[in-house]
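>>> Kindly generate the corresponding structure for this input.
(one chain, ligands or ions: 1)
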Amino acid sequence: MTKKGFNTTNLHCDRRDNPEHGVLHKAIHPSVAYGYEDARELAEVFQGKRAGYNYGRQLNPTVTALQNRITAMEDGIATAAFATGMAAIASTMLSLLRQGDHIISSAYLFGNTNSLFGTLQNLGIEVSFVDATDLNEVKAAIKENTRLVFVETIANPVTQIADLAGIGALCKSENLIYCVDNTMTSPHLFSPKSVGASFSVNSLTKYIGGHGNALGGAITDTGLYDWSNFANIFDDYKNQDVKLWGITQVKKKGLRDIGASLGPEAAHHLAVGSETLSLRMDKACSNAQAIAEFCAAHPKVNQVYYPGLPTHPQHGRARELFSGFGGIMSIDLIEGVDCFDVLNALDNVVSSSNLGDTRTLAIPVAHTIYYEMGAQRRASMGIADSMIRFSIGIEEIDDLLADFETALA
Ligand SMILES: *Cc1c(COP(=O)(O)O)cnc(C)c1O
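Now for the predicted structure:
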């Protein structure tokens, strides 16, 4: 049988999983605990000898169904879902890394991931921040105790694109775990597996859920990393296929120790949202392209950051790797134009911190999400005081363009 398309697979997966009453949507299972007629079965579930559910923090059927969707989207082997994207990243790092380990991270990083990596440094895990658009910088940072490389696909808010394929080849030759945060591209625009990623991370809160009505995060193992090379796997998780060692440790330790589990109601919202991912994303990409071109030609705009513009430093890389340039676009205003005045003059654009919503959202980044890190680190990330980041939505393009025209006038 030929492999079905991204949308077909996602739209029909729940009803093919032998659901109660032939329901088309996986049911929301609110139960925290699961009863067994034969207590021996319960023991076997605990011992991993039988598939089944024991306690809602570790596993829930509605969450399992969502995990399976994400695994299919990423062409992976298994997914662990968490309460938020940050919970997915934190649980992965804390489950797999130990004191004395070293990781290499892109310096162009989501602010909260940057904060988490600071926490890891305080716990005795070394972190080197490098310009990951340049493979040589990543290569030069490798040390004997390096375990993992972490990058984002399109970095927030300046839209730098790491040398995703080059780093993939490097990680393979150096036996390093390669963790790609695919949130900005989503599995519709990019497959981290295609560049050799070991893990793909998605904040489900953003494009996959897509409606700003539920938080969630996931980490998917692509099946490419050889876990027999990794020193930090506990013996308890080695009595199975070696491909599953890493994700099993993330699921078992991450959910058990940190407990940031995804709830069934949120999993349901995210699963329904995911059904229109490709439609929403394509519309957001075409809207963002048109607005980026409009802003690039506008005298009040000093600089536009959007991978779809031929002037973007990694435009060629984006064209080669992604099937679209994304819905995130940032601008710097010329001197004397106040970013707050522009934001307040926009009508169909909401001042808000989220991204990946159906609505167009905008935020003055230096004054909000990147405020706490200070002026020096902001400057090193290329974030100007007048920068506005837009998460372009799926409104009619004429309404958005008219809005930008008025606000910038
Ligand atoms: C939002 C975001 C996260 C964190 O996701 P939450 O669901 O908000 O915790 C991680 N990485 C990137 C690139 C994001 O945009």
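>>> buried stuff in stretch 301-314?
Val301, Asn302, Gln303, Val304, Tyr305, Tyr306, Pro307, Gly308, Leu309, His312, Gln314 (16 or more other CB atoms under 10 Å). C-beta coordinates here come from the backbone N, C-alpha and C atoms, glycine included.
>>> residues contacting the third one?
It refers to Gln303. Each residue near Gln303 by CB atoms under 8 Å, 6 or more residues apart in numbering is listed here: Ile331, Asp332, Ala384.
>>> now do 7 Å
Ile331, Asp332 (CB atoms under 7 Å, 6 or more residues apart in numbering).
>>> Just after the helix or strand harbouring it, pick out the following helix or strand.
Using DSSP states H and E, Gln303 sits within strand 301-305. Sequence order places helix 315-321 as the next helix or strand after strand 301-305, per DSSP H and E.
>>> quick revisit: out of the buried residues of stretch 301-314, who's near the ligand?
Residues of those in contact with the ligand (CB under 6 Å from any ligand atom): none.
>>> pLDDT for these - can I get that in a markdown table?
Output for those, formatted as a markdown table (pLDDT from 0 to 100):
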| residue | pLDDT |
| --- | --- |
| Val301 | 97 |
| Asn302 | 96 |
| Gln303 | 97 |
| Val304 | 98 |
| Tyr305 | 98 |
| Tyr306 | 98 |
| Pro307 | 98 |
| Gly308 | 98 |
| Leu309 | 98 |
| His312 | 98 |
| Gln314 | 98 |
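>>> Closest one of the residues you listed to Glu37?
Among the buried residues of stretch 301-314, Pro307 lies closest to Glu37 (CB to CB), at 56.3 Å.
>>> how far away is that closest one from the ligand?
15 Å (CB to the nearest ligand atom, to the nearest Å).
>>> With Leu361 instead?
12 Å.
>>> And that residue, what's its pLDDT?
pLDDT for Leu361: 98.
>>> Now for it, how many residues are close by?
Leu361 has 21 neighbours, counted by other CB atoms under 10 Å.
>>> With Asn239 instead?
Neighbour number of Asn239 under other CB under 10 Å is 9.
>>> How about Ala407?
By the criterion of other CB under 10 Å, Ala407 has 17 neighbours.
>>> So it lies in a helix, does it not?
Yes. Assessed by DSSP: H, G, I helix; E, B strand; the rest coil, Ala407 belongs to a helix.
>>> If you count neighbours, what's buried in the worst-scoring helix or strand of the chain on mean pLDDT?
When each helix and strand of the chain is scored by mean pLDDT, DSSP states H and E, helix 374-380 comes last, with a mean of 88. Burial within helix 374-380, assessed by neighbour count using 16+ other CB under 10 Å, is assigned to Arg378.
>>> Who does whatever helix or strand comes next after it pair with, and is each partner parallel or antiparallel?
Using DSSP H and E, the next helix or strand after helix 374-380 towards the C-terminus is strand 388-391. When sheet partners are counted by DSSP bridges, strand 388-391 sits next to strand 328-333 (antiparallel), strand 361-364 (antiparallel).
>>> Is the ligand within reach of strand 388-391?
No. Using CB under 6 Å from any ligand atom, we find that strand 388-391 stays clear of the ligand, coming within 9.4 Å at best.
>>> tell me the mean pLDDT over that strand?
Mean pLDDT, strand 388-391: 98.
>>> In the stretch 51-200 of the chain, which residue sits nearest the ligand?
Per CB to the nearest ligand atom, Gly85 is where the stretch 51-200 of the chain lies closest to the ligand, at 2.3 Å.
>>> My read is that that residue contacts Thr183, right?
Yes. Counting by CB atoms under 7 Å, Gly85 touches Thr183, with 6.4 Å between them.
>>> overlap in contacts of these two?
The contact lists of Gly85 and Thr183 share Val201, Ser203, where a contact means CB under 7 Å, 6+ apart.
>>> quick revisit: let me know which of the strands paired with strand 388-391 is tucked in deepest.
Mean neighbours per residue, mean count of other CB atoms under 10 Å, is largest over the strands paired with strand 388-391 for strand 328-333, with a mean of 24.
>>> Residues contacting that one, please?
By CB under 7 Å, 6+ apart, strand 328-333 touches 154, 156-159, 184, 288, 291-292, 295, 300-306, 339, 342, 355, 384, 386-392.
>>> Okay then, goodbye and thanks.
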